[in-house]
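[1] Mind looking at a prediction? Sequence and model below.
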Amino acid sequence: MNDKWIKLDNAAKIFPSAVSGADTKVFRFSCELFEDINKEILQSAASEAAEVFDVFNYVLKKGLFWYYFEKSELRPIVEEENKPVCGALYNKENKDLLYRISYYGNRINLEVFHALTDGTGALMFLECIINKYLSKAHNIAEAELAYDASAYEKEDDSFYRYYEEEKKEKHQKTKHRKAYKFRSGPKFPDDRLGVISGNIDLKATLAQAHLNNTTLTGYLSSILLCSIYDTMPMRSKKLPVVLTIPVNLRKHFASSSARNFFGTVNIDYNFKNNPSDIKNVAEKVTRSLKVKLSEENLEDLLSKYSSVENNFFARIAPLAMKNVCLKIAHDYKMAETSGTFSNIGKASVPKSMEPYIKSFNICCATKAIQACAVSFGNTLTVSFTSPYENNDIQKNFFRRLTENGIYVEISSNMETFDTKTVNKIKERKLSDNGSKEK
Amino acid sequence: MKYCSKCKLDVRTASDKCPLCQNKLTGTEEKTPYPIIPTIYKRFELFFKILIMSSIGLSVICIAVNLIIQQFGWWWQYAVFGVFCVWVSIFHIIKRRNNIPKAIMNQVLITAIFCIIWDIWTGWKGWSIDFVLPILFTAAMIGLFIVARVLKMKKRDYLLYLFMVIAFCIITVIFYATNLTSIVIPSVICFSGGILSLAALIIFEGKNMKEEFEKRFHL
């Protein structure tokens, strides 16, 4: 029988327990091309890519003490997009693949359950799919992808690889501070998420970042912090505004793992006692980022994560108890943050593929609000997801950019929740739903 | 492409209003960038609601009738508990409908526990451990094996549950050893069958069993 099975990596262990409602712990990577997607070609490309990234073909199962991944013979079946954005992938009763490949119009979507991998891993998989798709669709040779790892390196649990027994110096205990949480008004029905994506002129944005003496991440984080502040009611102004920023640990610790290998740092700003103009916020944010992204702090972070998992009492607790405790710990942690901002960076593809690709897009399920950024060529795409109908934070964010003369083009799925617009779309056939085969 | 003069940005949409500030847009409409997804009808949600309602309805009717007709004693307790048992059984079957071996094992456990409770409640005549449990366990053991073969299930999907049902069979030896049973034949057949099956399982599927244990019990 020799069925392959692997343990979940450290980051993955919290995701199955923390799934709830709109927060499905699923993130979506999309890529827009300049042509409508052909289903058969995409299916063929997806099947081949699934063999290269066999590391993702697992189903989630429950053991007595831990969840684990069991190798599956299931392979992805490509469908036209027919589920809500970042719809649930982990179903307790149904053992199915933990990723989904779909298409709509000129867009290819890859949705992944976070326990499987992080943004970096998913991006590598998507690039492989697009590479094969373009090669088949345009009869060109498949490009050489930069990602180079053996099957074993792909599956490496890098958290475990870098785990050392606890060092003598205790970890710095940070005080639990409640952050301002924007939880206002009605939510979308059915636990759905509203997505607003903006394609932004990258050069102009970088210029603004330089003007404020900070990096792109620093600049976007500062704008986001200010945008959140703009929505704070008077009584909440004393609360800090906190952004959780995921960090790709592969940049700091050698690893070519296709699974999770990331940490998170919190950047906070207290608008009560400090000036609220961009320049000052950017200054504090840049300083914080420097400290928190230092080698020393990341090592500390890594050992802190692993020490919990490898603690004897944590290990022998039954899974049912772990689920309850992990959910409580997760919610406790979530109270310390106002939202998440994930900057994946540049989606670099081989030169031969570049002319066919318009842009990339990432979004991630959340209970509060999440912003994800990715850039391709001169386009920086920032997408917001939120289960709340009120999108003043997004409005403030994009307006701050356009006020500085930066070109922004937005698109959103919220119009599909409004019955009047939906009727108009159906009447005038303004949708690609059930599109014809090429 | 549409344009919002208040937000000063382009909007790719089929709608008339800006998604950010809800003000009117100018320009030409485009195809909507996301598909229209109708709300999902959760298949079993309505079914469960009806199930709970009918259970409560039945229980309330039983209590009411008993309060009116009191000659036969307080039988409503048995009726209500009976409804409860049936409800728990059905709920667990539906919940595990995708995983038949687990469903069978859960049902065996639930039925066994309820039978013992009924037996104790009705004055401990011993029928639960004399007859019901041994027959139930033996039937489940054989049934699970047949179902797995017929449905051509993968070994890793049912071996563990088979092992647990066999363990139940073997545990009935405790009833025999502590003289709790007055009628020994069913128990003896049950645990002998269990020991035989366990031996066969270990001999023929020992390696697979070991792998399954490693997976399920890894720390």
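    Cool, the structure landed. Residues are numbered from 1 along each chain as shown, chains lettered A, B, ... in the order given.
[2] mind checking the longest helix of chain A?
    helix A:119-138 (DSSP state H).
[3] Can you list the buried residues in that one?
    Using 16 or more other Cβ atoms under 10 Å in any protein chain shown as the test for burial, helix A:119-138 gives A:119-137. For every residue, glycine as well, the C-beta is placed using N, CA and C.
[4] And for stretch A:212-226?
    Across stretch A:212-226, burial judged by 16+ other Cβ under 10 Å covers A:212, A:214-226.
[5] Could you do stretch A:228-248 as well?
    Residues of stretch A:228-248 classed as buried: A:228-232, A:236, A:239-248 (neighbour count, 16+ other Cβ under 10 Å).
[6] Could you tell me which of those residues belong to strands?
    Secondary structure from DSSP state E places A:241-248 of these in strands.
[7] hang on, the earlier thing: near chain B, which of the buried residues of stretch A:212-226 show up?
    Contacts with chain B are made by none of those, judged by Cβ under 8 Å from any Cβ of the partner chain.
[8] and the two most separated of the buried residues of stretch A:228-248?
    A:Ser236 and A:Asn248 (32.1 Å; Cβ to Cβ).
[9] ok so, going back, quick one: the buried residues of stretch A:212-226 as a markdown table, columns for pLDDT and secondary structure too.
    Conversion of the buried residues of stretch A:212-226 to a markdown table gives the following (pLDDT from 0 to 100; DSSP: H, G, I helix; E, B strand; the rest coil):
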| residue | pLDDT | secondary structure |
| --- | --- | --- |
| A:Asn212 | 91 | coil |
| A:Thr214 | 92 | coil |
| A:Thr215 | 92 | coil |
| A:Leu216 | 93 | helix |
| A:Thr217 | 92 | helix |
| A:Gly218 | 93 | helix |
| A:Tyr219 | 94 | helix |
| A:Leu220 | 95 | helix |
| A:Ser221 | 94 | helix |
| A:Ser222 | 94 | helix |
| A:Ile223 | 94 | helix |
| A:Leu224 | 94 | helix |
| A:Leu225 | 93 | helix |
| A:Cys226 | 93 | helix |
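[10] Pick out whichever of the residues you listed sits closest to A:Ala141.
    Distances from A:Ala141 to the buried residues of stretch A:212-226, taken as Cβ to Cβ, are shortest for A:Leu216 (33.5 Å).
[11] Quick check: A:Asn266 touching A:Val242?
    Yes. Using Cβ atoms under 8 Å, A:Asn266 is in contact with A:Val242, at 5.3 Å.
[12] Can you work out which residues contact both of the two?
    By Cβ atoms under 8 Å, 6 or more residues apart in numbering or on different chains, A:Asn266 and A:Val242 have these common neighbours: A:336-337.
[13] which other residues reach the helix or strand hosting A:Leu110?
    Assigning secondary structure by DSSP states H and E places A:Leu110 in strand A:107-113. Applying Cβ under 8 Å, 6+ apart, the contact partners of strand A:107-113 are A:15, A:24-33, A:37, A:42, A:56, A:60, A:81, A:86-87, A:89-90, A:98-103, A:122, A:125-126, A:129-130, A:133.
[14] what's the angle between that strand and helix A:119-138?
    With axes from the mean of the first three to the mean of the last three Cα atoms, to 10 degrees defining the directions, strand A:107-113 sits at 150 degrees from helix A:119-138.
[15] For strand A:107-113, buried residues please.
    Quick answer for strand A:107-113 (16+ other Cβ under 10 Å): A:107-113.
[16] Helices - which of the contacts of strand A:107-113 land there?
    Using DSSP H, these in helices are A:15, A:42, A:122, A:125-126, A:129-130, A:133.
[17] Between these, which sits nearest B:Ile36?
    Distance to B:Ile36 across these (Cβ to Cβ) is lowest for A:Leu42, with 21.1 Å.
[18] where's the helix or strand bottoming out on mean pLDDT in chain A relative to the chain centroid, distance-wise?
    Within chain A, no helix or strand scores below helix A:151-154, which has a mean of 77 by mean pLDDT, DSSP states H and E. In terms of Cα atoms, centre = their mean, to the nearest Å, the centre of helix A:151-154 is found 22 Å from the chain centre.
[19] hmm, who's touching that helix?
    A:53-55, A:256-259.
[20] following it, which helix or strand shows up next?
    Counting by DSSP H and E, what follows helix A:151-154 is helix A:158-161.
[21] Going by contacts, tell me the helices and strands next to that next one.
    Secondary-structure packing of helix A:158-161 (3 or more Cβ pairs under 8 Å, 6 or more residues apart in numbering or on different chains; DSSP states H and E): helix A:295-309.
[22] Say whether chain B is contacted by the helix it packs on.
    No. Using Cβ under 8 Å from any Cβ, helix A:295-309 stays clear of chain B, coming no nearer than 10.6 Å.
[23] Mind checking the pLDDT average for the helix or strand following that helix?
    Next in sequence after helix A:295-309, counting helices and strands by DSSP H and E, comes helix A:312-316. Average pLDDT, helix A:312-316: 82.
[24] Leaving out sequence neighbours, find the closest residue to B:Ser5.
    Excluding the flanking residues, the one nearest B:Ser5 by Cβ to Cβ, 6 or more residues apart in numbering or on different chains is B:Thr26, at 6.9 Å.
[25] is the one you found in a bridge, and if so with what?
    Beta bridges link B:Thr26 to B:Tyr3, judged by DSSP bridges.
[26] Backbone dihedrals for A:Ile393, both of them.
    When read as degrees, to the nearest 10, the backbone of A:Ile393 gives phi -60, psi -50.
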